[in-house]
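>>> mind looking at a prediction? Sequence and model below.
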Amino acid sequence: MSNKSKLLTLSAILAASTALAALAPAPVHAQEEIYVPLFTYRTGPFSGSGIPIANGMHDYLALLNERDGGIGGIKLRLEECETGYDAKKGVECYEAVKGKKPVMVNPWSTGTTLSLIPKAGVDKVPVLSMAYGLSASADGERFPWIFNPPNTYWDGISMILSYIGQQEGGLAKLKGKKIGYIYLDAGFGKEPIPLLESLSKEIGFDLKLYPVPADNIQNQSSQWLSVRRDRPDYMVLFGWGALNPTAVKEAIKINYPMNRFVSIWWPGDDDVRSAGPGAKGFRTLNWHGVGAGFPALEDIKKHLVDAGKSKTDKAKVGEVLYNRGVYNALLIAEGIANAQKITGKTAVTGEDVRRGLESIDITPERLKELGLEGFTEPLKLTCKDHNGHKATFLQEWDGEKWVRATDLVEPLHDRVKPLLQAAAKEYAEKNTGWPTRTEPCDQPA
């Protein structure tokens, strides 16, 4: 074969190859996704609180995948990591997921949150500790990677004291009163004590502390014998998991009046239901709706629960801690959606979502658009304020369900704010080399 013939044959082969390549399917690339790990605890003595929270978080985010194809056209990759409400395991979960480039983490433990605060800015992973964790981290200038909306524990304690003051005719009337504080003897329960001690000195009430060890939360007889001896005028509960129903049952045993027993926002339906009729009148703080009468929750039942794609019993959709998980997931989703708008990207990063969280502006109109009209009060975060410090209401157990019992109660802003600012400053000063913000707080979102 001549050289000319060889060239003609080679040309024909190349032409044919090009034509075949044009007809061949394009190579399949890995689908874009947004990685959202969920730290949960479905086992152990705290699972009574952890399971409904985990279900509410998972179901709302899974609904966005099933119904909407994700957020901004990109699906969420949801992955749970079991912590057993153990801070060490929580940190292990964090170390296991951070290499997968999560857009944020939700520790669901004050102890874990405290361990992650120094890591967040280094790894550029926002930490969303919704209404728990370090109260001082509400200061966005000193803690640019930590978010704890819509209330800090210091806000919560101040609202409980404000409510108690209202029952007595004003805060000044608490002078000389005894206020008991029964709490989980861990980072979570200890977090509000500095504020309680400060206010007890300022106002003049007698603070009685009743710590409950984490390894003995279902045996509180000695604490409640002390309560019976001390006869506090009011009792405040800061409990979690099996600590909560045990405390309510022990209060009933010593005939402590339920209308003087008030809790932070963590007791769930089963915590009081299991205590029987004597729990009627027990009150807790809350900031969102109870019940399944919201279009988004109806969609969860339709797309997930009825379709066998949820771990939730249909009767549990709408209970208070399930809805708490939904609220947490709402913040996650809004942070991601805002990040997409800010950057123009769909596959956003942790750095993008940090900016998205600082731009949260949940208006009544936005809630209606999301199928959650009337579910909660509006919330706006900024680069300086990562919390919102929202007012809450008290809900009361009527023997069968939670019912709203009060109007909104504001935190004691004038007392809490300066203490929070001082605590944030002290934290930064104690941690040598604590990083400052990489951009000014007046930077446009």
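Everything's here; your move.

>>> phi, psi of the residue nearest the centre of the chain?
Computing the C-alpha centroid of the chain and ranking residues by Cα atoms, centre = their mean puts Met130 first, at 2.8 Å. Phi and psi for Met130, reported as degrees, to the nearest 10, are phi -70, psi 110.

>>> also Asp361?
phi -150, psi 80.

>>> and what of Leu184?
phi -70, psi 120.

>>> which strand or helix spans the closest residue to Leu209 other than its chain neighbours?
Spatial nearest neighbour of Leu209, chain neighbours left out: Tyr181 (5.4 Å); criterion: Cβ to Cβ, 6 or more residues apart in numbering. From N, CA and C alone the C-beta is placed, and that goes for glycine too. Tyr181 is part of strand 178-184, with elements assigned from DSSP states H and E.

>>> could you pull out the buried residues of that strand?
Of all the residues in strand 178-184, those buried under the rule 16 or more other Cβ atoms under 10 Å are Ile179, Gly180, Tyr181, Ile182, Tyr183, Leu184.

>>> ok, stretch 162-178 next?
Ser162, Tyr163, Ile164, Gly165, Leu171, Leu174, Lys177.

>>> end-to-end on that stretch?
15 Å (Cα to Cα, to the nearest Å).

>>> domain ranges for this structure?
For the chain, the structural domains run 33-151+290-382, 154-286+395-413, going by automatic domain parsing.

>>> for the closest residue to Asp139 other than its chain neighbours, give its distance to Ala279.
Closest residue to Asp139 apart from its sequence neighbours, by Cβ to Cβ, 6+ apart: Ala424 at 3.9 Å. Per Cβ to Cβ, to the nearest Å, Ala424 is found 38 Å from Ala279.

>>> what about Pro411, which helix or strand?
Counting by DSSP H and E, Pro411 is part of no helix or strand.

>>> against Ile182, how distant is the closest residue to it other than its chain neighbours?
Leaving aside its chain neighbours, Pro411 sits nearest to Asp155 (3.9 Å; criterion: Cβ to Cβ, 6+ apart). Look at Asp155 and Ile182: by Cβ to Cβ, they are 20 Å apart.

>>> by contact count, what packs against the helix or strand the residue nearest to Pro411 falls within?
Under the criterion of DSSP H and E, Asp155 resides in helix 153-168. Secondary-structure packing of helix 153-168 (3 or more Cβ pairs under 8 Å, 6 or more residues apart in numbering; DSSP states H and E): helix 193-203, strand 234-238, strand 261-263, strand 283-286, helix 413-430.

>>> so what touches that helix?
Here helix 153-168 makes contact (Cβ atoms under 8 Å, 6 or more residues apart in numbering) with 131-132, 135, 151, 171-174, 177, 179, 191-192, 195-196, 199, 203, 234, 236, 238, 262, 264-265, 285, 387, 389-392, 394, 406, 409-412, 415-416, 419-420.

>>> beyond the lowest-mean-pLDDT helix or strand in the chain, next helix or strand please.
Among the helical and strand segments of the chain, the one scoring lowest on mean pLDDT, DSSP states H and E is helix 3-23, with a mean of 42. From helix 3-23 onward toward the C-terminus, using DSSP H and E, the following helix or strand is strand 33-40.

>>> okay, now the sheet partners of that following strand, with direction.
strand 75-82 (parallel) (DSSP bridges).

>>> in the strand it pairs with, what's buried?
Buried, per 16+ other Cβ under 10 Å, within strand 75-82: Lys75, Leu76, Leu78, Glu80, Cys81, Glu82.

>>> which one of the residues you listed sits closest to Lys89?
Glu82 (7.6 Å; Cβ to Cβ).

>>> so the closest one makes contact with Leu38?
No: here Glu82 lies out of contact with Leu38, judged by Cβ atoms under 8 Å, at a distance of 10.1 Å.

>>> after the strand holding Tyr181, next one along is what?
helix 187-190.

>>> average pLDDT for that following helix?
Mean pLDDT, helix 187-190: 94.

>>> which elements pack onto it?
helix 110-123.

>>> can you list contacts of the helix it packs on?
Residues outside helix 110-123 that contact it (Cβ under 8 Å, 6+ apart): 39, 83, 87, 90-91, 94, 98, 105, 107, 125-127, 129, 132-134, 137, 143-146, 186-188, 191, 350, 431, 435.

>>> what subset of these is buried?
Applying 16+ other Cβ under 10 Å to the contacts of helix 110-123 flags 39, 83, 87, 90-91, 94, 98, 105, 107, 125-127, 129, 132-134, 137, 143-146, 186-188, 191, 350 as buried.

>>> which of those fall in strands?
Phe39, Val127, Ile146 (DSSP state E).

>>> quick one: which of those residues is nearest Val320?
Phe39 (20.4 Å).

>>> for that closest one, which residues are in contact?
Glu80, Cys81, Thr83, Gly90, Cys93, Tyr94, Val105, Asn106, Pro107, Trp108, Ser109, Thr112.

>>> so the fifth one makes contact with Glu80?
It stands for Cys93. No: if you go by Cβ under 8 Å, Cys93 and Glu80 don't touch, sitting 9.2 Å apart.

>>> got any residues that touch both of these two?
By Cβ under 8 Å, 6+ apart, the residues touching both Cys93 and Glu80 are Pro37, Phe39.

>>> just give the number of residues close to the residue lying closest to Thr40 once chain neighbours are set aside.
Nearest residue to Thr40 in three dimensions, chain neighbours excluded: Ala54, at 3.9 Å (Cβ to Cβ, 6+ apart). Ala54 has 26 neighbouring residues, counting by other Cβ atoms under 10 Å.

>>> got a pLDDT number for Ala54?
98.

>>> and Met1, by the same measure?
Value listed for Met1 in the pLDDT field: 49.

>>> also Arg437?
80.

>>> still on that earlier bit, and the residue nearest to Asp139, how far from Ala138?
8 Å.

>>> any idea how far the residue nearest to Thr40 lies from Thr312?
9 Å.

>>> any stretches of this protein with poor pLDDT?
1-31, 442-445 (pLDDT under 70).

>>> what angle do the longest helix seen in it and strand 33-40 make?
Ranked by number of residues, the top helix in the chain under DSSP state H is helix 320-343. Taking axes from the mean of the first three to the mean of the last three Cα atoms, to 10 degrees, one finds helix 320-343 and strand 33-40 inclined to each other by 150 degrees.

>>> so which bits of helix 320-343 are buried?
By neighbour count on 16+ other Cβ under 10 Å, the buried set for helix 320-343 is 320-340, 342-343.
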